[in-house]
Structure formats: C-alpha cells, structure tokens
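[1] Build me a structure from this.
(one chain, ligands or ions: 1)
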Amino acid sequence: MIDLHCHILHSVDDGAKSLKESIKMAKKAVKSGITHILCTPHHNHRFDNPKDKVIKLVKNLQQELDKCKVPLRLLEGQEVKIHRFLMNEIENNKILFADVTNKYLILEFPTTEAPAYIETLLIEMIEKKIIPVIVHPERYIWAYHNHDLFLRFLNMGCLAQLTAPSLVGNYGSKIKKQACKLIQNNLVHMVASDAHGVKTRNFYLKEAFNIIEKKYGQEKVDYFKNVARAVINGDVLSS
Ligand code: FE
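    Have a look, this model is predicted:
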C-alpha cells in the first residue's frame, strides 16, 4: 500500500516527536502492509518546511530506516496550506509536489471557510497543469455547508483525498457519515492516513480499505490504490 499523507518526519510539525517515534511509526506502517510513504510535513504559517529542508530530512530518515532494516520507502512531499501567494512560493521552488514531475499538489484548506481567492488560485494552478489534491474534504465545514463550491472545485479538475481514520470513525459519527457519502457519490479519489504518531492519529489505512471493500466493493479499493500509484508516479489519470 502507498500512504500519500503522513507526518512521519520528526520534530518539524505536530507529527512524530523524535527519531524513535518516526521509527516506531515506520515499523507500524510496514506491519499494516504499507510499502511507500509520501512524507508530508505541514508547510503553513506555523511550520516552515520548505522543499530543500524536507528533501534532506527524508534522506536522513530513510538512512535510519535502512540501518534498522525497516522495508519502507520514503518519498518527499509537503502538506501545503493554501494561501494567497502560493504561486510565488511554487515559482520560487519552495514547494514539493507529490511527484517529481510537479503535477500533483497536496493541499490543505482552511477548516471553516473557503475565502474567494481560493477559486481564482485553483483556476490558475489548473491552467498551469498543476492538479490540486484537496486533503480531508470530509473535515471541512465549508465543504459540508457549501457542497456546490466543493463540487465546483472537483469539476475544475481538483482531486480529493479522504483520511482513513475519518472512515474508521476516529473523528466521530458525523465525519464518518460524511466520509461514506463522499465515497458513495464518487467525490473522493484516494485514501491516505494523515498519521501523526503511534498513539493517537495512527494509520488505519488497512482498516479503512477493509471497510471500503465490504461497503463499496473491491473495485473501489483497486481504484483508490491505482490513483495513489498514479499520484506518486506523476501519471495522468484516465477518467
Ligand atoms: Fe496532515
């Protein structure tokens, strides 16, 4: 399995707190069947994790995992918080995409509201052949209340990434219900863990795929896994 969203790099955000915890997370991931993790530390007003810093940290952690013989491949990424001047940061080479061809961008939105500049920015990105991946749409209040806006973003060409623990029920029944609704209506394109540690906010990817298989069939599981592969490879998705 490929995990497209994980805070496994330590001491850079609210994810793993030490090398020891990163290694514990890696071992847990491998045990649950994860082979590749896209490292996505927060890059926002609170945590500054530009491209060059993340590349170094991923290389270091990969070396540590190799030393401990943990069979897990780490890939460089960021969870980029959307902001008005994001295109400048992209142009200044501070941003890491999910793939080396700079196609898929893992994007976090504000929780409560989606300010008007966002739509303009998404249009600009898509014109520049960037595919924004909206992370955890099931947790955004604006996407729940302004469903049309969320649909508009998807129709423009954005993709959406569901968080596995939401589907398992870790964020409560309302978010679980919303997660199910999004899958049912084909409004999410991939599932990822957004794991932050070993105790709380763990992977739950295997558990989520078990639920998806039971409720929506193997075809849906295969679709989500194929999209994850396409995203890290920078492949074009067939519609
Ligand atoms: Fe995250």
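[2] is it true that residue 136 touches residue 164?
    No. With contacts counted by C-beta atoms under 8 Å, residue 136 stays clear of residue 164, the gap being 10.1 Å. Every residue, glycine included, has its C-beta placed from N, CA and C.
[3] any low-confidence regions in the chain?
    By pLDDT under 70, the low-scoring segments of the chain are 239.
[4] Residue numbers of it in contact with the ion?
    Contact residues, the chain versus the ion (C-beta under 5 Å from the ion): 79, 194.
[5] Just give me the neighbour total for residue 66.
    Residue 66 has 13 neighbours, counted by other C-beta atoms under 10 Å.
[6] so how far is whichever strand or helix holds it off the chain centroid?
    Assigning secondary structure by DSSP states H and E places residue 66 in helix 51-67. Counting by C-alpha atoms, centre = their mean, to the nearest Å, helix 51-67 is centred 19 Å from the centre of its parent chain.
[7] What pairs with the following helix or strand past it, parallel or antiparallel?
    The helix or strand immediately downstream of helix 51-67 is strand 73-76, counting by DSSP H and E. Here strand 73-76 is paired, per DSSP bridges, with strand 36-39 (parallel).
[8] isn't there a helix covering residue 201?
    No. Under DSSP: H, G, I helix; E, B strand; the rest coil, residue 201 falls outside any helix and is assigned coil.
[9] Start at 33, not 1
    I'll keep to 33 as the first residue from here, and by that count the last item is residue 233.
[10] List the contacts of it.
    Residue 233 sits next to 197, 202, 226, 227 when contact means C-beta atoms under 8 Å, 6 or more residues apart in numbering.
[11] so what's the first one closest to, chain neighbours aside?
    Counting by C-beta to C-beta, 6 or more residues apart in numbering, residue 236 is the residue found nearest to residue 197 once chain neighbours are left out, at 4.6 Å.
[12] what comes into contact with the one helix or strand residue 156 maps to?
    Taking DSSP H and E as the criterion, the element that holds residue 156 is helix 149-159. Applying C-beta under 8 Å, 6+ apart, the contact partners of helix 149-159 are 114, 116, 118-119, 137, 141, 163-164, 181, 184-185, 188-190.
[13] Burial check on residue 87, number of neighbours?
    13.
[14] Run through the helices of this protein in chain order.
    51-63, 83-99, 118-123, 149-159, 173-177, 179-188, 196-200, 205-216, 237-248, 250-265 (DSSP state H).
[15] I'd assumed residue 46 was in contact with residue 74.
    Yes. Using C-beta under 8 Å, residue 74 is in contact with residue 46, at 7.1 Å.
[16] who touches both of the two?
    Common contact partners of residue 74 and residue 46 (C-beta under 8 Å, 6+ apart): residue 39.
[17] Tell me which of the two has more neighbours.
    The neighbour count for residue 74 versus residue 46, taken as other C-beta under 10 Å, is higher for residue 74 (19 against 13).
[18] Now for that one: which residues touch it?
    Counting by C-beta under 8 Å, 6+ apart, the residues that residue 74 touches are 39, 44, 45, 46, 81, 110, 111, 113, 140.
[19] Taking these, please make a ChimeraX selection of just the buried ones.
    Selecting only the buried entries of the contacts of residue 74 in ChimeraX, with 16 or more other C-beta atoms under 10 Å as the criterion:
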select :39,44,45,81,110,111,113,140
